[in-house]
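Colleague: Need a 3D model of the sequence below.
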Amino acid sequence: MSESEEQPQIVEACPACGTLMDVSNETPYSKVFCPSCAQSLHVRKQFNNFTLLELLGEGGMGSVFKASDLNLKRSVALKILRRECSANAEESEKLAQEARLTASINHPHVVKVYSFGQDHGQFYLAMELVEKGSLDDLMGIQKRVAESQILEVGIQIASGLQAALEVGLIHRDIKPGNILFADAHTAKLVDFGLALVMEEAASERGEIWGTPYYIAPEKLDHQPEDFRSDIYSLGGTLFHAIAGRPPYEATTASMVALKQLKSLPVSLQSFAPDVSSETAYVINRMLAKSPDDRYASYEELIEHLSYARQKLIERAQGPVRPKERAIVQSREQKNAIGYVVLGLIAVMLVGIALAFIFRSQLAEALGIKAAEAKVVWTAADYQPQMDAARQLLAEGRYGEAQKVYGRLVSEPWITRPDADWAQINLGLSQLLASDLSGAAATFEAIQNKEPFSVDEANRALANFFPQVGRVMTVDGPVAPGALQPYAKNNFAAFAYFLYGLKNWQLGKIEEGAQMLRQFLATQPAKPWDWIRSYDPIAQKFLNDFDIWAPLNKDFAAATTPTAKAALLARVREAKNRVQTGDAIGARLDRMESKLSAP
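Modeller: Numbering: from 1, shown residues only. I've put the predicted structure just below:
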């Protein structure tokens, strides 16, 4: 199709009133409002045998949607490319060739391409659905990602690149956003081959295709690329994840500035002084300006990345003690050694007793506070993720929060009760996202866990989690009396929020609203004051309740045509203001249907 050719007209009918709308110029899955009845709806949801379900992300090549394959009855990631990718038959054929090559890669660390095609004048690819977020998402949560985790990612992605090279493909656009996670320990590379066509289109406009942070220097000079250019981009990606910043940060995007910067040598340890020398060597070599100074094969790169990771693991485990020689001793020597050992034990016991008696003075002398001595070192690794996930919930980004909590729950090194809080927040995020079956499974798992402690000091909190799990998994709504045992000034305030949301999602919005108002009246003190960050969510539900309640009150009184017409207008206006999803929306839909009936 030439650029001068008109795009095919796409007409869709409003499901509420049947009005036909020309949506040819609307982007896929965009939200529009019917010009006749103001009903909101998503348009252009069908691409051949694929139904768009949810927008997963957008980028330079196009948009990615979660979609349902109606033929094979499975969920896929459907990447719908920008219109310029399908501007003419030649470019469409190039995309088809690249898609065929990419589909031929069968590797655990490369996202599988199932099929490709065109509809509505746009090219699309149906791919394996990988829903645990990207490296870019992880870097947004953690300023610096753990060195061992990034080395594992590097090994996996390099092995995927090696498999692609075997069929003649290089990637050309390796960056954190193109590295996806199938689970906490499995990374997959996406968008193989697509960069070639996008790059050619950019060249026609006089542009350089690629992300400046990770683009290889030879591409800036319009020199030929090969797999070593991908090694450079992967090195830049690993550098950014470990150091918390890219290898180069230009204040301008000009070509001259980029060339000057990329002519300078890099040093990972300059920005991450705690990184191991083995890791720094590998990544610095990957970022060498000349391709000849980089790794000559993926086999060598993977070998060096693996060596760096192994050395890191060995250091974490501590030194291995060499076997000692067996020494034959006489009875007298053994008796003498026994007396010495008994003496040492006595000295140790006296020392421990004195340390216990004078523990406060000793701590003060060493400058250590008692509270600090109890902090688990791994908390620094996962607490920023917990904080970020709570912020995502407060901002209404429930799906993203669910992914973060899901990753946290799958990590065995998170200590309890923090692991329990991550799991209960996972259930909360599923509830807010209307994933009721997922929430039920999560709360059932919480119910079935043994309390993390039997100590008197921790007993209330330890019992709180299974109690809440039991209430959340019981069929039917939560009775108002269920909240009586829960305090309003500590962790138990969380129960008011959860129980209110459960009732709301079950359609008991009056009871849910009552509990959410009670939640807003709680005053959890430190260290539980983070629960207050959920106030905006509760308020959003209550705002929707306050929109619906007066309409519901006036509904019974609207008996004349004039009164019904006036109320119908208010209902349709209210539907555009509702923010919390199906519970209120369904009631407004029923009300609208009855008011519209002759």
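
Colleague: Could you use CA atoms for every contact and neighbour count after this?
Modeller: Fine.

Colleague: And the next helix or strand past the lowest-mean-pLDDT helix or strand in the chain?
Modeller: When each helix and strand of the chain is scored by mean pLDDT, DSSP states H and E, helix 370-373 comes last, with a mean of 36. Next in sequence after helix 370-373, counting helices and strands by DSSP states H and E, comes helix 379-394.

Colleague: buried stuff in that next one?
Modeller: Neighbour-count burial for helix 379-394, counted by 16 or more other CA atoms under 10 Å, picks out Tyr382, Gln385, Met386, Ala388, Ala389, Arg390, Gln391, Leu392, Leu393, Ala394.

Colleague: just checking, what packs against it?
Modeller: For helix 379-394, the elements it packs on are helix 135-141, helix 398-410, helix 535-555, judged by 3 or more CA pairs under 8 Å, 6 or more residues apart in numbering; DSSP states H and E.

Colleague: Which of the three states applies to the closest residue to Tyr295 other than its chain neighbours?
Modeller: Once flanking residues are discounted, Tyr295 sits nearest to Leu301: 6.0 Å by CA to CA, 6 or more residues apart in numbering. For Leu301, the assignment made with DSSP: H, G, I helix; E, B strand; the rest coil gives helix.

Colleague: quick one: contacts for Leu301?
Modeller: Ala158, Val282, Tyr295 (CA atoms under 8 Å, 6 or more residues apart in numbering).

Colleague: ok, and the most crowded of those?
Modeller: When neighbours are taken as other CA atoms under 10 Å, the top entry among the contacts of Leu301 is Ala158 (23 neighbours).

Colleague: Where does that one fall, secondary structure wise?
Modeller: Judged by DSSP H and E, Ala158 forms part of helix 147-165.

Colleague: for that helix, packing partners?
Modeller: Using 3+ CA pairs under 8 Å, 6+ apart: helix 147-165 touches strand 186-189, helix 227-243, helix 298-317.

Colleague: how about CSV for these, with mean pLDDT and distance to Ala419 added?
Modeller: Shown next, in CSV, are these (pLDDT from 0 to 100; distance: least, CA to CA, whole Å):
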stretch, mean pLDDT, distance to Ala419
strand 186-189, 93, 21
helix 227-243, 94, 25
helix 298-317, 91, 23
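
Colleague: Quick check: which of these is buried the most?
Modeller: Comparing these by mean neighbour count (mean count of other CA atoms under 10 Å), helix 227-243 ranks first with a mean of 26.

Colleague: Which elements pack onto it?
Modeller: Checking 3+ CA pairs under 8 Å, 6+ apart, helix 227-243 ends up next to helix 147-165, helix 268-271, helix 277-286.

Colleague: quick check, distance from that helix to the centre of its chain.
Modeller: Relative to its parent chain, helix 227-243 has a centroid offset of 21 Å by CA atoms, centre = their mean, to the nearest Å.

Colleague: same question, stretch 457-473
Modeller: On CA atoms, centre = their mean, the centre of stretch 457-473 falls 27 Å from the chain's centre.

Colleague: Same question for stretch 411-431.
Modeller: With CA atoms, centre = their mean, you get 15 Å for stretch 411-431.

Colleague: That one - what's its average pLDDT?
Modeller: Per-residue pLDDT over stretch 411-431 has a mean of 84.

Colleague: Show residues contacting it.
Modeller: Contacts for stretch 411-431 (CA under 8 Å, 6+ apart): 184, 378-379, 382, 386, 393, 398-399, 401-402, 405-406, 408-409, 436, 438-440, 442-443, 446, 452, 462, 465, 498, 501-502, 505.

Colleague: Kind regards, and thank you for your time.
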